[in-house]
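> predicted model, plus sequence, below.
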Amino acid sequence: MIGIIGATDFEMEILLRDMETEKKTAIGGFEFRTGSLFGEKITAVKCGIGKVFMAACCQTMLLNFPVERIINIGAAGALTGGLRPGDAVLADGAVQYDMDTTAFGDPLGMISGIGKVMFDCDICRGFGEALGRAGIHHIVGHNATADRFCADTAVKDMLVSHFGCVSVDMEAGALAQVCYINSKPFESIKIISDRADDTSGDDYNEYTGTVGERVMEILKIRFSV
């Protein structure tokens, strides 16, 4: 069984509506739906925006459902000019750039007690090629996460120069940490909604309405490989 977690209604509502739901389970303020999607057994849930919601939801899922891996689907800001709204980012690494104990000599983003900055993400074999055949532009790269919506060109430039990231969001890094400490594989598949700069608020409001449909299109391809 695969777990699917998204943060918002616009990311998850079409998936939750169209999946074949067999059971709904409410735990800790989250409603988990178990059933199938495109022939794959899944448990899906909307977690809410931000790292704490994601971490709490992910841990709850891992403790209560027999998921073998978790996929985080959702919107992200582009950190490179090679990405446009509707493009996909397959994360190969995730970092929490608001984790900062540099005052003690640690590198920016290092998770205390674990000693990691970048968490490795899984990418399903053949998935990128399948996206390409379907005409969906995508890139593979690092994703940055923080409890802030990135709408700042200076922060965007830092995420590129310091971490080498290509996208930025508010949840994937937290999911990465929880899956790491539980020894569970995870995937982060992000759909570009904005440019993570001073115009991001306008872009985000314009393009988020299309994210849910893109989620379904991409998951159909993901479950076919």
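Now that the structure is in, tell me what you want to look at. Because the structure is a prediction, the values reported are computed rather than measured.
> I'd like the next helix or strand past the helix-or-strand element of the chain with minimal mean pLDDT.
Every helix and strand of the chain was ranked by mean pLDDT, DSSP states H and E. The lowest is helix 200-207, at a mean of 76. Per DSSP states H and E, the first helix or strand lying C-terminal to helix 200-207 is helix 211-222.
> host element of the closest residue to residue 213 other than its chain neighbours?
Closest residue in space to residue 213, ignoring its immediate chain neighbours: residue 14 at 6.3 Å, by Cβ to Cβ, 6 or more residues apart in numbering. In short, each C-beta sits where N, CA and C put it, glycine included. Secondary structure assigned from DSSP H and E places residue 14 in helix 9-18.
> that helix vs helix 211-222, what angle?
60 degrees (axes from the mean of the first three to the mean of the last three Cα atoms, to 10 degrees).
> average model confidence for helix 9-18?
Averaging pLDDT along helix 9-18 gives 96.
> just the C-alpha atoms of it, please, in CSV.
Taking C-alpha atoms only, helix 9-18 is exported to CSV below (Å, rounded to 0.1, in the frame of the first residue of the first chain):
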residue,chain,number,x,y,z
ASP,A,9,-7.9,21.2,-0.7
PHE,A,10,-6.8,22.2,-4.1
GLU,A,11,-4.0,19.6,-4.1
MET,A,12,-6.1,16.7,-2.9
GLU,A,13,-9.8,17.3,-3.5
ILE,A,14,-10.0,15.7,-7.0
LEU,A,15,-7.9,12.7,-5.8
LEU,A,16,-10.1,12.2,-2.7
ARG,A,17,-13.2,12.6,-4.7
ASP,A,18,-12.3,10.2,-7.5
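> okay, strands next: where are they in the chain?
Assignment of strands within the chain using DSSP state E yields the ranges 2-6, 20-27, 30-37, 40-46, 69-78, 88-96, 119-120, 138-145, 165-169, 186-194.
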